[in-house]
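Student: can you look at this prediction? I've put the sequence above it.
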Amino acid sequence: MADLFKLKVVTPDRIFYDGNVSMVELTTTEGDIGVYANHIPATAIVAPGILKIHEEGGRVRKAALMAGFIEILQDQVTIMAEVAEWPEDIDVKRADEARIRAERRLKDRYPGTDVMRAELALKRAIVRLETKAK
Amino acid sequence: MATMRDIKRRRDSIQSTEQITKAMKLVATVKLQKSRVRAEAAKPYFNLMYDTMNSIISRSGAVRHKYLQAGASPKKAVITITSNRGLAGGYNNNIVKLVNAELPAGDTLVYAIGRKGRDGLARRGFKIQGDYSEVINDPLYQDAAELTGVLLEAFTRGEIGEIYLAFTMFKNTVVHTPRLLKLLPVELPERGTADGQEPKARAVMDYEPDDETVLDAIVPKYMSSLIYGALLESLASENGARMTAMDSATSNAEEMIEDLSLQYNRARQGAITQELTEIVAGANAIGN
C-alpha cells in the first residue's frame, strides 16, 4: 500500500478535512492531477472540479472543490479552498437551476454578458451535480 | 446642600442610564459569543494561509514578482477596521491612534471599514479614499475579496506603493490588541531560515504553470483571507470591548445610585426632623 501523507483542506469558515491519506485527486488550472506521498514540492491553482480523497483504509471520499490553491510538500498537502462542499451539503435543485441559468446566458450572448463569469458558474454547477451524482 | 427633589431627580436619571448600559451589555455579550465562534472557526484558515504563504515564499528562491516588491509610489494605503457605533471603550480610538502614530497623514490613503475610524482619521488629516462601513455589520468573505480587488488594482496602476491593514486582534474577552499588518509587498518575517525546518525540506518549489501566474492567483487570496480574518477578529474584539465598557459603566452607575440613595435618605431624615422641630416649636408657642 502506498505511503500515507497528511492532507489538510481548509475553507475560510472551517477545517474541511484533516487526516492521513494515501492519494488525493483534484483539478488544477493545468489539468487533473493525482498526488501521492513524496511528491516534489509544488504549488498550483485549483480549478473547479471534484476532489477525491483516498483515505487510509481504501475508502474514497468525494467533495466539490471550487477555487483556491494547493501547496504540495513531501509529507504534507495543504489545500486552501475558497469553497468546498461534501455531497450531502449540496443542494441539487439550486445547482441545477444555476446550470440552466448559466447555459441560457451563454446561449443568448446578450451584449454585456460576462462570458467568463457565466462559464465559471456553469462549471461550478456541473461540478456540484457530478459530485452529488456519483 | 442639595434638596431632596434634586437628589431624587439625579438618582432617577442615573437609574435609567444604568438600565441602558445593562441592556447594551447583555446585547454585546450575546453578540460576542456569536462573533467569537465565527472568529475562532476562521482562525485555522487565517493561520494556515499565513504559514503556507510563508513556506511558499521562503521556498521560491529568487522569484521576482510585482507583489513581492514595493511599488514606486510613496503613497501608502491602509485598511482600518473599526466599528460603526461608539460606546466601546478605547476600541476605536486605539486603532486611530495606532494608524496616526505609524503612518504619515499626508501620504496615506485610508480605506475605512467602520465609521468611527473613518471620522477619527479624517479629523487627523488623513485622506479617506474609500468607505466600506456597512461591511462590518456582517462581514462576508466576498467583501474582503472585493476590497482586495480594488486595492490590488490601485497597486498595479502604481497609485500606491504599500498596503497596510489595521485591526484589533482578539486574544480573549478582555484582552484585544490593535495591530498594524503589512499586506503588500508580501513581506514575511525572516524569509528562509527561522521557522525551524531542516534544509532538506527546503527543496525549491515547483510552480504550475509558472511562478508569475501562481503568485498572481495566490496573493489576492492571501490578502482577502487576511482581511476576512481581521474583520472577524475585530468584530469579536468590538463586542468584547463594548461588553467590558458597559459592564464598568453599569457598576459605576450602581455605585453612584448607592451614594445618592444614602444622601437622599439623609436629606429625607433631616427634613422630617426639621419638620418635627418646627411643629413642636409651633405647639409650644401656642401653648404658652
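Tutor: Noted; the coordinates are in hand. Residues are numbered from 1 along each chain as shown, chains lettered A, B, ... in the order given.

Student: the closest residue to A:I126 other than its chain neighbours: which element?
Tutor: Spatial nearest neighbour of A:I126, chain neighbours left out: A:R99 (6.3 Å); criterion: Cβ to Cβ, 6 or more residues apart in numbering or on different chains. Glycine gets a C-beta too; all of them are placed from N, C-alpha and C. If you go by DSSP states H and E, A:R99 is part of helix A:92-108.

Student: could you give the angle of the helix or strand just after that helix to helix A:92-108?
Tutor: Past helix A:92-108, heading to the C-terminal end, the next element that is a helix or strand (DSSP H and E) is helix A:115-133. Angle, helix A:115-133 to helix A:92-108, by axes from the mean of the first three to the mean of the last three Cα atoms, to 10 degrees: 150 degrees.

Student: which of the helices and strands in chain A ranks last by mean pLDDT?
Tutor: Sorting the helices and strands of chain A by mean pLDDT, DSSP states H and E puts helix A:115-133 at the bottom, at a mean of 81.

Student: packing partners of that one?
Tutor: strand A:49-55, strand A:60-72, helix A:92-108 (3 or more Cβ pairs under 8 Å, 6 or more residues apart in numbering or on different chains; DSSP states H and E).

Student: in TSV: these, plus mean neighbour count and distance to B:L48.
Tutor: Below are these laid out as TSV (neighbours: other Cβ atoms under 10 Å in any protein chain shown; distance: least, Cβ to Cβ, whole Å):
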stretch	mean neighbour count	distance to B:L48
strand A:49-55	20	17
strand A:60-72	21	10
helix A:92-108	14	28
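
Student: which one of those lies closest to B:D210?
Tutor: Of all those, strand A:60-72 sits nearest to B:D210, with 13.9 Å by Cβ to Cβ.

Student: show me what the closest one is packed against.
Tutor: Using 3+ Cβ pairs under 8 Å, 6+ apart, strand A:60-72 sits against strand A:15-28, strand A:42-46, strand A:49-55, strand A:76-85, helix A:115-133, helix B:4-59, helix B:211-287.

Student: quick one: neighbours of the residue nearest to A:I15 when sequence neighbours are not counted, just the number.
Tutor: Using Cβ to Cβ, 6+ apart and skipping the chain neighbours, the partner closest in space to A:I15 is B:P44 (5.2 Å). B:P44 has 18 neighbours, counted by other Cβ atoms under 10 Å in any protein chain shown.

Student: what's the burial count for B:L26?
Tutor: Per other Cβ under 10 Å, the neighbour tally for B:L26 reads 12.

Student: quick one: A:P48 from B:K182, how far?
Tutor: In this view, A:P48 and B:K182 are 32 Å apart by Cβ to Cβ, to the nearest Å.

Student: return the residues of the stretch 101-250 of chain B in contact with chain A.
Tutor: Within the stretch 101-250 of chain B, the positions adjacent to chain A are B:141, B:201, B:203-209, B:213-214, B:217-218, B:221, B:225, B:228-229 by Cβ under 8 Å from any Cβ of the partner chain.
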